[in-house]
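*Asks:* would you be able to build a 3D model of this:
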Amino acid sequence: MGKNIKIFFMGAFFVSLLSVVLWSSTHRPRIMVLHSYSTDYIWTQEVDVGLDRVLGDKSWIDIRRNFMETKKHSSKDYLRRAGISARNVIENLEPDVLIAVDDDAQELAARFFINHPRIKIIFVGVNGSIEPYGYDRANNVTGIYERKPVRALVEMMQTIAASSEIEGKPRALFISDKSLSSERDHNYMKTENWDPVVYNGHKSFDTFTEWKEYVLDSAKETDFLLIGGYRRLYRDNRVIDEIDKGQTVSAKEVATWTEEHSPVPVLGMNIFNASDGAMVSIGVSPYEQGEVAANMALDLISARKTIDEIPIQTSKQYVVSMRRSALDKRNIKLPNVFEAFARSTNNYIP
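*Replies:* Residues are numbered from 1 along each chain as shown. From the prediction side, this is the model:
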């Protein structure tokens with residue numbers, strides 16, 4: 001009899017333990033990270049680095065990632081299907097927190113869950129306004145804006161101009177593809193104080209041919225070319241909506257050609273522009289974007305703060321990247337601190 005009682009209690013203990021483990025695994029708080037772009041896009045990778053700095057050791061949280069790949073596939077039909085797929089995943093998973101990264105994730109998926117009774121939304125990498133997504137009227141949304149570091153760009157241009165033959169106030173002009181994110185970047189940049197640099201606005205292009213024609217003649221209008229978005233430049237003038245990813249020009253080809261042929265210095269506005277081919281870049285820190293979003297999510301799921309207690313933030317940090325060979329070719333000497341900064345963040349290219 002005693003042996004049977006012992007077996008009974010041991011069995012009951014293991015059943016209870018298994019129940020606790022199963023309950024814990026199915027009731028862990030859930031965070032879904034919805035990326036607009038793909039896993040091989042450096043911005044996406046480094047936003048994830050920032051997220052993992054905060055959440056990487058939090059095994060009690062169930063973290064899921066989804067990648068929409070909207071830079072690789074931009075046709076209207078693909079975007080429609082990607083949005084439907086992402087929304088289905090969100091509905092099925094019903095995460096406690098949805099971290100939506102970059103504008104396509106907001107437009108195609110996250111905005112459909114504003115004022116959801118369970119899901120809290122944290123936006124990341126929004127470089128325009130949140131009003132088009134309805135976030136300004138939502139009771140379940142916070143996040144961090146991505147804003148181009150205008151003052152840092154101005155300081156870089158002043159530094160280069162001081163050691164070159166540029167006379168008077170340096171002129172800067174932003175060129176890009178016709179993506180929505182580039183348009184939103186310009187809409188923000190034109191409202192900022194560029195003094196003592198003169199910001200001469202924005203020109204956008206459908207094709208690489210048009211881009212090259214402008215770059216070769218750009219010295220008439222500017223002393224610096226600012227580049228950021230150029231992944232949707234096409235090789236010819238066929239109907240853009242019908243062109244697939246194989247007919248766009250690679251980012252490295254665009255940036256490398258531009259650096260080699262531009263009559264004026266080229267400054268990137270994303271950290272990866274230098275790895276693509278530009279001589280130097282100053283971009284919003286993707287690590288900051290990820291870390292801020294992760295800390296917001298952690299505050300929410302641990303009940304340290306409510307969504308109303310977490311204000312929307314604006315990017316404050318930036319990262320410098322540089323390509324030494326391109327700087328040397330233009331005979332541009334930068335203070336050593338810039339190289340030290342680039343090396344410390346693994347953004348220095350010989």
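
*Asks:* would you map the helices across the stretch 201-350 of the chain?
*Replies:* Ranges of helices within the stretch 201-350 of the chain are 208-216, 251-261, 273-276, 286-301, 324-329, 336-344, based on DSSP state H, counting those that start in this stretch.

*Asks:* same question, the stretch 1-150 of the chain
*Replies:* 2-26, 42-55, 76-93, 103-108, 150-162.

*Asks:* what bits of the stretch 201-350 of the chain have low per-residue confidence?
*Replies:* 237-246 (pLDDT under 70).

*Asks:* isn't T159 up against L334?
*Replies:* Yes. Counting by CB atoms under 8 Å, T159 touches L334, with 6.5 Å between them. Just so you know, the C-beta spots here come from the backbone N, C-alpha and C atoms, and that holds for glycine as well.

*Asks:* what's the nearest residue to R87 if we skip its chain neighbours?
*Replies:* Spatially, and ignoring its direct neighbours in sequence, R87 is nearest to A109 (5.2 Å; CB to CB, 6 or more residues apart in numbering).

*Asks:* domain parsing of the chain, as residue ranges.
*Replies:* For the chain, automatic domain parsing gives the domain ranges 28-147+287-314, 150-284+319-349.

*Asks:* would JSON lines of these with mean neighbour count be doable?
*Replies:* Output for these, formatted as JSON lines (neighbours: other CB atoms under 10 Å):
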{"stretch": "domain 28-147+287-314", "mean neighbour count": "19"}
{"stretch": "domain 150-284+319-349", "mean neighbour count": "18"}
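
*Asks:* pLDDT weak spots in the stretch 1-150 of the chain?
*Replies:* 1-26.

*Asks:* and the residue nearest to R87, what does it touch?
*Replies:* A109 is in contact with L34, M68, G83, A86, R87, I90, A100, counting by CB atoms under 8 Å, 6 or more residues apart in numbering.

*Asks:* ok, now with 6 Å
*Replies:* The neighbours of A109, taking CB atoms under 6 Å, 6 or more residues apart in numbering as the test, are G83, A86, R87.

*Asks:* any idea how far the last one is from E291?
*Replies:* Using CB to CB, to the nearest Å, we find R87 at a distance of 27 Å from E291.

*Asks:* what of the second one?
*Replies:* Here A86 is placed at a distance of 24 Å from E291 (CB to CB).

*Asks:* what does the first one give?
*Replies:* Taking CB to CB as the measure, G83 and E291 are separated by 27 Å.

*Asks:* who wins for proximity to E94 among the helices of the stretch 201-350 of the chain?
*Replies:* helix 286-301 (13.5 Å; CB to CB).

*Asks:* what does the closest one rub up against?
*Replies:* By CB under 6 Å, 6+ apart, helix 286-301 touches 29, 31, 43, 46-47, 49-51, 53-55, 96-97, 99, 120, 122, 124-125, 144, 305, 310, 313, 317.

*Asks:* at 7 Å instead, please
*Replies:* By CB atoms under 7 Å, 6 or more residues apart in numbering, the residues outside helix 286-301 that reach it are 29, 31, 43, 46-51, 53-55, 61, 96-97, 99, 120, 122, 124-125, 142-144, 146, 305, 307, 310, 313, 315, 317.

*Asks:* now swap in stretch 48-59 and tell me
*Replies:* In contact with stretch 48-59 (CB under 7 Å, 6+ apart) are residues 33, 61, 63, 286-291, 293-295, 298.

*Asks:* want to throw these into a markdown table with distance to A274?
*Replies:* Putting the contacts of stretch 48-59 into a markdown table (distance: CB to CB, whole Å) gives the following:
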| residue | distance to A274 |
| --- | --- |
| V33 | 26 |
| I61 | 34 |
| I63 | 31 |
| P286 | 14 |
| Y287 | 16 |
| E288 | 18 |
| Q289 | 19 |
| G290 | 20 |
| E291 | 22 |
| A293 | 25 |
| A294 | 26 |
| N295 | 28 |
| L298 | 32 |
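
*Asks:* from those, pick the one nearest S218.
*Replies:* Of all the contacts of stretch 48-59, P286 has the smallest distance to S218: 28.5 Å, by CB to CB.

*Asks:* neighbours of the closest one, how many?
*Replies:* For P286, the count of nearby residues is 28 (other CB atoms under 10 Å).

*Asks:* now M68: phi and psi?
*Replies:* Backbone torsions of M68, given as degrees, to the nearest 10, read phi -90, psi -20.

*Asks:* show me the contacts for the residue nearest to it when sequence neighbours are not counted.
*Replies:* Nearest non-adjacent residue to M68, counting by CB to CB, 6+ apart: A82, 4.7 Å away. By CB under 7 Å, 6+ apart, the contact list for A82 reads M68, T70, L108.

*Asks:* separation between the second one and W60?
*Replies:* From T70 across to W60, the span is 32 Å (CB to CB).

*Asks:* lovely, talk soon.
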